[in-house]
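A.B. asks: make a model of this:
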Amino acid sequence: MGKLNQMLALAYLLGAVAVHADPTQGDELPAAIIGAAGPLTGETLNYYAADPASMGYLAVPEGPGPHPAVILIHEWNGLVQRVKETADSFADEGYMALAVDLYSGRLGSNPEENMALVRETLAAPETLIANLDAAVDYLEGRDDTTGKIATIGWCYGGGVALSFALGGDEHEGTAIFYGRLLADPEQMQHVHHEFYGTFVENDRGIPIEDVNNFVGMLREAGIPNDVHIYDEVRHGFWLYVDRDPETNTGPAIDAWQRLKAFLQRTLG
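C.D. replies: Next up is the predicted model:
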């Protein structure tokens, strides 16, 4: 076996191959969200011992660290390839990225299946919180992380990220992309970290009034926040820029630069 193959074999035994740091510059977008990701470089692992079927995906940055960490929470169809690729992109930026699995290894292949999975899991919120608590515990237990963690969720995952901010283990930040919102100011008193939010004007599921009310509650509770509503794009635009690059690219760049600044503020 040649030296390179020996190194690759050792890396396989130890877990994920570290992602070479290659952060985006200027108006550059992560390769994953424009449909230009290469082969996956992370590893599949069970971070949640209570559910052996729950298999997350971990992307590890290059270098000994310690690295700040992000927990990625999938959309309504489950932990699909695009989310795993996005974890690799966050590792490119220098973050330990754990994409969680809230569906016990299942994926939806159509709206009916997706909604069935959403309803099933939202009916057991304590299980969702326990799953994400386990993800936090896993990341905090590694020697190569700083212990600072932010959650990032899209659609279904954005709503779950908000629920976790209210009832889960302490963490440093919550980023929501077009996720369901709450309308109870008292609950916001339980949050002690900054919020990032990206929403769209033509979202049939999340009216602008709900977003504005949510921002009002954040301000009333004294919670730092960066929330923006984009008026020319549709729900799901950021994770799948390549579906309509002409329309999505400009807003996606702005949202990405805001997200990077948010992570720098909250995780250092």
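A.B. asks: and residue 106, how far from residue 114?
C.D. replies: As defined by CB to CB, to the nearest Å, residue 106 lies at a distance of 10 Å from residue 114. Just so you know, the C-beta spots here come from the backbone N, C-alpha and C atoms, and that holds for glycine as well.
A.B. asks: which residues of the protein score low on pLDDT?
C.D. replies: 1-21, 183 (pLDDT under 70).
A.B. asks: chain center to the helix or strand that contains residue 133: distance?
C.D. replies: Using DSSP states H and E, residue 133 sits in helix 125-140. For helix 125-140, the distance between its averaged C-alpha position and the chain's averaged C-alpha position is 14 Å (CA atoms, centre = their mean, to the nearest Å).
A.B. asks: tell me the first helix or strand C-terminal of that helix.
C.D. replies: Reading on from helix 125-140 to the C-terminus, the next helix or strand found by DSSP H and E is strand 145-154.
A.B. asks: quick one: the strands in the stretch 151-268 of the chain?
C.D. replies: According to DSSP state E, counting those that start in this stretch, the stretch 151-268 of the chain carries its strands in the segments 173-177, 194-200, 225-230.
A.B. asks: make CSV from the ones you listed and add mean neighbour count and distance to residue 30 to it.
C.D. replies: Shown next, in CSV, are the strands of the stretch 151-268 of the chain (neighbours: other CB atoms under 10 Å; distance: least, CB to CB, whole Å):
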stretch, mean neighbour count, distance to residue 30
strand 173-177, 27, 13
strand 194-200, 23, 14
strand 225-230, 17, 18
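A.B. asks: for residue 223, which non-adjacent residue is closest in space?
C.D. replies: residue 191 (5.6 Å; CB to CB, 6 or more residues apart in numbering).
A.B. asks: pretty sure that neighbour is touching residue 221, no?
C.D. replies: Yes: with contacts counted by CB atoms under 8 Å, residue 191 reaches residue 221, the gap being 7.0 Å.
A.B. asks: convert the C-alpha atoms of the lengthiest helix in the chain to CSV, please.
C.D. replies: When secondary structure is assigned using DSSP state H, the longest helix within the chain turns out to be helix 245-267. Output of helix 245-267 as CSV, limited to C-alpha atoms (Å, rounded to 0.1, in the frame of the first residue of the first chain):
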residue,chain,number,x,y,z
PRO,A,245,-29.5,31.4,-9.8
GLU,A,246,-30.4,34.6,-11.6
THR,A,247,-33.0,35.6,-8.9
ASN,A,248,-31.4,33.8,-5.9
THR,A,249,-27.7,34.7,-6.1
GLY,A,250,-27.8,38.3,-5.0
PRO,A,251,-30.1,37.7,-1.9
ALA,A,252,-28.1,34.5,-1.1
ILE,A,253,-24.8,36.5,-1.0
ASP,A,254,-26.3,39.0,1.3
ALA,A,255,-27.8,36.3,3.6
TRP,A,256,-24.5,34.4,3.6
GLN,A,257,-22.4,37.5,4.5
ARG,A,258,-24.9,38.3,7.3
LEU,A,259,-24.7,34.7,8.5
LYS,A,260,-20.9,34.7,8.5
ALA,A,261,-20.8,37.9,10.5
PHE,A,262,-23.4,36.4,13.0
LEU,A,263,-21.3,33.3,13.5
GLN,A,264,-18.2,35.4,14.0
ARG,A,265,-20.0,37.5,16.6
THR,A,266,-21.5,34.6,18.5
LEU,A,267,-18.8,32.0,18.2
